[in-house]
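In: Okay, sequence plus prediction incoming.
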Amino acid sequence: MKDVISILDVAERFSPKINTRAKRPQIICPFHSDKHLGSCRIYTDSNTFKCESCGAHGDTLILASGYLDIPLSSMDHLLERMVSEFGLIRENVCEQFLPDNCSGRKKVRNVSVPRNIKG
């Protein structure tokens, strides 16, 4: 999933404000009551983010979980929501994206992306 949807794609979709003109794009942090740009930055080269105010940091899925208010412990739900939000096409459902200790849950695999979504 992270190979298909970039962290900038997630920020552009869900952040109420975004400044892409800065060297490191600035977003509204979903992990605290942030109202102003500046403290949370996106690092497009590593596909990560870091908030200097609250210390939140991570990758595309962690940022999406914050904006969508879906805990990482519900990864199957988060992945299904991401597939839906970004118009991805699911060909099969299987055991690729979730940790080994989550066996038996529905998991997304063989994801393709329409041409209008960057990856």
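Out: Sure thing, it's come through.
In: What segments of the chain are helices?
Out: 7-14, 60-68, 75-85 (DSSP state H).
In: Any chance of JSON lines for these, columns mean pLDDT and mean neighbour count?
Out: Bear in mind the C-beta positions are built from the backbone N, C-alpha and C, glycine included. Below are the helices of the chain laid out as JSON lines (pLDDT from 0 to 100; neighbours: other C-beta atoms under 10 Å):
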{"stretch": "helix 7-14", "mean pLDDT": "92", "mean neighbour count": "20"}
{"stretch": "helix 60-68", "mean pLDDT": "94", "mean neighbour count": "22"}
{"stretch": "helix 75-85", "mean pLDDT": "88", "mean neighbour count": "18"}
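In: export these to JSON lines and tack on distance to residue 31?
Out: Shown next, in JSON lines, are the helices of the chain (distance: least, C-beta to C-beta, whole Å):
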{"stretch": "helix 7-14", "distance to residue 31": "13"}
{"stretch": "helix 60-68", "distance to residue 31": "5"}
{"stretch": "helix 75-85", "distance to residue 31": "15"}
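In: Which one of these lies nearest to residue 34?
Out: helix 60-68 (10.5 Å; C-beta to C-beta).
In: Return the distance of that closest one from the chain's centre.
Out: How far helix 60-68 lies from its chain's middle: 4 Å, per C-alpha atoms, centre = their mean, to the nearest Å.
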